[in-house]
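Asker: requesting a structural model of the entry that follows:
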Amino acid sequence: MQRVLIIGPCGAGKSTLAAMLGARLALPIFHMDQLNWKSGWVESSKDEILEKLAAITATNRWLIDGTYGGTLGERLERADTVVYLDFPIRLCVARLFRRLWFYRGRTRPDMTKGCPERFDLPFLFYLLRWNSGPRPRTEARLKGHEAKIIRLKSPMALERWLDSLPALA
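Answerer: Predicted coordinates:
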């Protein structure tokens, strides 16, 4: 695992896993939220994100967390491993609310400085509609890359998978 993507619905724990797996594999970590958002919740253009991603994916070692379907194809081509946190949406919603409470008014470590955590109703609706919209689009983009996908359906499955990885020397 030298070029790793971590994808899944909001609140699944992608950034938390990125921190653990990045440290374990000694990979540089890149968060799509940081690549997308500028201070003050200003969104980058797709061209800006693609330019940043091209520089990252041109290297031989990286870990990128975040689904961001509009740029997934470019990242999938170079990834050797895709960890798909395919967790139940009810769990993701609960984790999202826990994150909102914990970081209220503060910026998360995996987010751009100047973007304090806030409640966003459209974002919540996006998550609630994951199985009927974003998920089928994500699944379609994954076609042809099945051999590199590690699909984990629960936090317990994630723990078992992490325990199965060889320890770094």
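Asker: going forward, measure contacts between C-alpha atoms and count neighbours the same way
Answerer: Fine.
Asker: so what's the most centrally placed residue in the chain scoring on pLDDT?
Answerer: The centre of the chain sits closest to residue 66, judged by C-alpha atoms, centre = their mean, with a distance of 2.3 Å. On the pLDDT scale, residue 66 is placed at 96.
Asker: helices of the protein, start to end?
Answerer: Under the criterion DSSP state H, the chain contains helices at 14-25, 32-36, 46-57, 72-78, 89-103, 121-128, 134-142, 155-164.
Asker: chain center to the second one: distance?
Answerer: Between the mean C-alpha point of helix 32-36 and the mean C-alpha point of its chain there is a distance of 10 Å (C-alpha atoms, centre = their mean, to the nearest Å).
Asker: kindly report the same for stretch 115-126.
Answerer: For stretch 115-126 - counting by C-alpha atoms, centre = their mean - the centre lies 16 Å from the chain centre.
Asker: which residues touch it?
Answerer: 37-41, 93, 100, 103-108, 134 (C-alpha atoms under 8 Å, 6 or more residues apart in numbering).
Asker: just to revisit the earlier point, using CSV, lay out the helices of the chain together with mean pLDDT.
Answerer: Output for the helices of the chain, formatted as CSV (pLDDT from 0 to 100):
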stretch, mean pLDDT
helix 14-25, 95
helix 32-36, 97
helix 46-57, 96
helix 72-78, 93
helix 89-103, 96
helix 121-128, 94
helix 134-142, 96
helix 155-164, 96
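Asker: of those, which is nearest residue 2?
Answerer: helix 14-25 (8.0 Å; C-alpha to C-alpha).
Asker: tell me, how many neighbours does the nearest residue to residue 39 once chain neighbours are set aside end up with?
Answerer: Nearest residue to residue 39, sequence neighbours excluded (C-alpha to C-alpha, 6 or more residues apart in numbering): residue 114, at 4.4 Å. Neighbours of residue 114 under the rule other C-alpha atoms under 10 Å: 15.
Asker: next: residue 85.
Answerer: 24.
Asker: identify the bridge partners of it.
Answerer: Taking DSSP bridges as the rule, residue 85 bridges to residue 152.
Asker: on that earlier part again, as a markdown table, the helices of the chain with mean neighbour count would be great.
Answerer: Listed next are the helices of the chain as a markdown table, based on neighbours: other C-alpha atoms under 10 Å:
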| stretch | mean neighbour count |
| --- | --- |
| helix 14-25 | 18 |
| helix 32-36 | 18 |
| helix 46-57 | 14 |
| helix 72-78 | 16 |
| helix 89-103 | 15 |
| helix 121-128 | 14 |
| helix 134-142 | 15 |
| helix 155-164 | 13 |
